[in-house]
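just coords:
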């Protein structure tokens, strides 16, 4: 057994060495002495200023008026003046104020002290002998002269440092959007902080009453329509958005104007993030990804999701991924009977399950660590859980990686989807939703091709068995692990360069919560093998997106943050599409959701193809699999960008004996 003893505080103090104690006490004691000396010096200077101001006031009245001053010049009354004003200044905290950070509070304290002392002295003079009463004008003039003198003493340092900061040649000139409390606070801090590296030169506000005014000497130069002109005329190199009360729509409007100015942009958080009411320079932050996309945020309909999911057993594959984890959150919010989270990444599954358990402790959740291509294990899962709804989000999605390992793309994305859909049909699942990608349209990469086969398998089962099996196809989602937005942000954090494939390349984008809600909308109306697409808006040019992200992270693109063009990689396209030439989108009751209709003029036997995939994969005949796919989809083989060498580590022909 071990014992640990701790000395009481007094005992510890008692056993300290005297030399050490003196050494430790020395710096603190000397600092306290210096601070006390500084404070006493300020008090003495203030009292001297009080005395001189009173003397000057009496001299002015004696020289320019014929007033009888009574006992105003007597020694005892002068002492009363100094004493009274000293106590008034102490009462209002003027002696305690910092000369460097003197502000409105110190100014109000100074005014209050002058008014209070003038009133007390005038009242005291009324008790003097008849004929010795001091005229009231003495106290008024004295309060004005004394207030001005003390104001010079207490505010001269701040004014000096403010002017010094104004002349700081290395500072970046900034235009402040918002002349309210947030903007005014930031402007004052910037004016008083020459080390910030930012100097405000103008402010922008849509309030007509603020135009032509100034805050801390910084003019309100116009409204948002004049932003580009103001930035150019003041040669500003940064824009700071300082309106915490902005809505998402208002922020998008402002950012769309800021983009035209081609200078870096930063913003304050929302009011919800500033609940303590304090606004400071450290609160300035990068613009959020959702704001970069310039898309209206969808307001989810909780009644729709509850009608679809409440009281149901729901299985989500890929539950640890970007889409899968958000799916689980929105499903859990609808009150399912049981939620099964399936993923083969142990770490991702752990954190997704933890998030659901903490946010929705009343929802029964079962984490399932498994591979969707393991058919026997998947059968056990379906037999045990009997899911009524299956959302299939598990997929290999990195284009470049799947070009190196095409057989894995086919195994996981095509064969895995077919296994899950077949089991869902066999076990009587009500709905099966396959989450696809725009890269499955006219595919030029193995990832896209494997997802196309997955779509065809789900469509076949839905049409043949009149089951509510459907595909949901959309483009990139902001913030996902494979999104170019995340790659760009990581490159920006490292200081660049931002690597863009092609200056003409475009992609579709939407936020993760928006995509997941539309998946649930499609699931609620799907019938027999349809494919649904979303209104993804206009495609976004990747090069312009890189420039925008650079600006919204506070950098001037291609000056402070370089942009490199690396060329299209194997399997990538310049422009992605959302539907094939033979598919026609039809509107639904949801304006953001479309159903595709049409007949494939060159159909393939997907059941037979899947069987052949399985044969090739079981025998590890990966070369035969590639040849079979090329024959099955000749347009894919012809349209392929020159391939890189496929990495096949499962074949014995590629095993190399290491030297001893």
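Cool, the structure landed. Worth saying up front: this structure is predicted, and the values here are computed from it rather than measured. Numbering: from 1, shown residues only.

determine how far stretch 67-85 lies from the middle of the whole chain.
63 Å (Cα atoms, centre = their mean, to the nearest Å).

average pLDDT for that stretch?
Mean per-residue pLDDT for stretch 67-85: 81.

wait, is residue 469 part of a helix?
No: assignment of residue 469 by DSSP: H, G, I helix; E, B strand; the rest coil gives strand, placing it outside any helix.

shouldn't it be in contact with residue 528?
Yes: judged on Cβ atoms under 8 Å, residue 469 makes contact with residue 528 at a distance of 7.4 Å. The C-beta positions use only the backbone N, C-alpha and C, and glycine is treated the same way.

who has more neighbours, these two?
residue 469 (28 against 15; other Cβ atoms under 10 Å).

quickly list what's touching both of residue 469 and residue 528.
residue 462 (Cβ atoms under 8 Å, 6 or more residues apart in numbering).

residues contacting residue 563?
For residue 563, the contacting residues are 496, 497, 498, 499, 500, 543, 546, 547, 550, 557, by Cβ under 8 Å, 6+ apart.

element containing the nearest residue to residue 238 once chain neighbours are set aside?
Ranked by Cβ to Cβ, 6 or more residues apart in numbering and with sequence neighbours excluded, the top spatial neighbour of residue 238 is residue 174, at 4.4 Å. Here residue 174 sits within strand 172-177, counting by DSSP states H and E.

tell me what that strand is packed against?
When contacts are defined as 3 or more Cβ pairs under 8 Å, 6 or more residues apart in numbering; DSSP states H and E, strand 172-177 packs onto helix 181-191, strand 198-204, helix 227-233, strand 238-241.

between the ones you listed, which has the poorest mean confidence score?
Across these, helix 181-191 gives the lowest mean pLDDT, at a mean of 81.

in that helix, what counts as buried?
Residues 182, 183, 184, 185, 186, 187, 188, 189, 190, 191 are the ones in helix 181-191 that count as buried (16 or more other Cβ atoms under 10 Å).

quick one: which two of those residues are the most distant?
182 and 191 (15.2 Å; Cβ to Cβ).

turn the helices and strands packed on strand 172-177 into JSON lines, including distance to residue 46.
JSON lines is the format used below for the helices and strands packed on strand 172-177 (distance: least, Cβ to Cβ, whole Å):
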{"stretch": "helix 181-191", "distance to residue 46": "25"}
{"stretch": "strand 198-204", "distance to residue 46": "32"}
{"stretch": "helix 227-233", "distance to residue 46": "43"}
{"stretch": "strand 238-241", "distance to residue 46": "38"}
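
ok so, going back, the residue nearest to residue 238 against residue 240, yeah?
Yes: Residue 174 is within contact range of residue 240, at 5.3 Å (criterion: Cβ under 8 Å).

which neighbours do these two share?
Shared contacts of residue 174 and residue 240, counting by Cβ under 8 Å, 6+ apart, come down to 198, 200.

quick one on the thing from earlier: quick one: the strand holding residue 174 to strand 198-204, angle?
For strand 172-177 against strand 198-204, the angle by axes from the mean of the first three to the mean of the last three Cα atoms, to 10 degrees is 30 degrees.

which residues touch strand 172-177?
Residues contacting strand 172-177 (Cβ under 8 Å, 6+ apart): 183, 186-187, 190, 197-205, 218, 224, 227, 230-231, 234-243, 254, 258.

filter the residues you listed to the buried ones?
For the contacts of strand 172-177, buried by 16+ other Cβ under 10 Å: 183, 186-187, 190, 198-205, 218, 224, 227, 230-231, 234, 236-243, 254, 258.

buried residues in stretch 214-222?
215, 218, 219, 220, 221, 222.

just checking, the last one touches residue 204?
In this case it means residue 222. Yes: using Cβ under 8 Å, residue 222 is in contact with residue 204, at 6.2 Å.

and for the two, which residues touch both?
What both residue 222 and residue 204 touch, as defined by Cβ under 8 Å, 6+ apart, is the set residue 230.

could you pull out the helices for the stretch 351-500 of the chain?
With helices called from DSSP state H, counting those that start in this stretch, the stretch 351-500 of the chain shows them at 375-385, 399-404, 406-409, 416-426, 446-465, 484-493.

packing partners for the longest one?
Same thing as helix 446-465. helix 399-404, helix 406-409, helix 416-426, strand 431-437, strand 468-474, helix 606-618.

residue 334 is nearest to which of the ones you listed?
strand 431-437 (13.9 Å).

could you give the mean pLDDT of the closest one?
For strand 431-437, the mean per-residue pLDDT is 97.

identify all contacting residues around it.
By Cβ under 8 Å, 6+ apart, strand 431-437 touches 318, 323, 388-393, 395, 397, 417, 420-421, 424-425, 447-448, 451, 454-455, 458, 461-462, 467-475, 519, 522-523, 526, 531.

circling back: looking at the contacts of residue 563, which are in strands?
498, 499, 500 (DSSP state E).

any low-confidence regions in the stretch 401-550 of the chain?
Low-confidence segments of the stretch 401-550 of the chain (pLDDT under 70): 479-482.

low-confidence ranges, the stretch 551-660 of the chain, go.
638-645, 650-660.

check the stretch 251-400 of the chain too.
The model of the stretch 251-400 of the chain has pLDDT under 70 over residues 269-297.

tell me where it has strands.
265-267, 313-317, 338-343, 365-369, 389-392 (DSSP state E, counting those that start in this stretch).

including distance to residue 634 and mean neighbour count, could those go into JSON lines?
As requested, the strands of the stretch 251-400 of the chain are exported to JSON lines (distance: least, Cβ to Cβ, whole Å; neighbours: other Cβ atoms under 10 Å):
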{"stretch": "strand 265-267", "distance to residue 634": "49", "mean neighbour count": "23"}
{"stretch": "strand 313-317", "distance to residue 634": "32", "mean neighbour count": "26"}
{"stretch": "strand 338-343", "distance to residue 634": "36", "mean neighbour count": "25"}
{"stretch": "strand 365-369", "distance to residue 634": "40", "mean neighbour count": "18"}
{"stretch": "strand 389-392", "distance to residue 634": "28", "mean neighbour count": "25"}
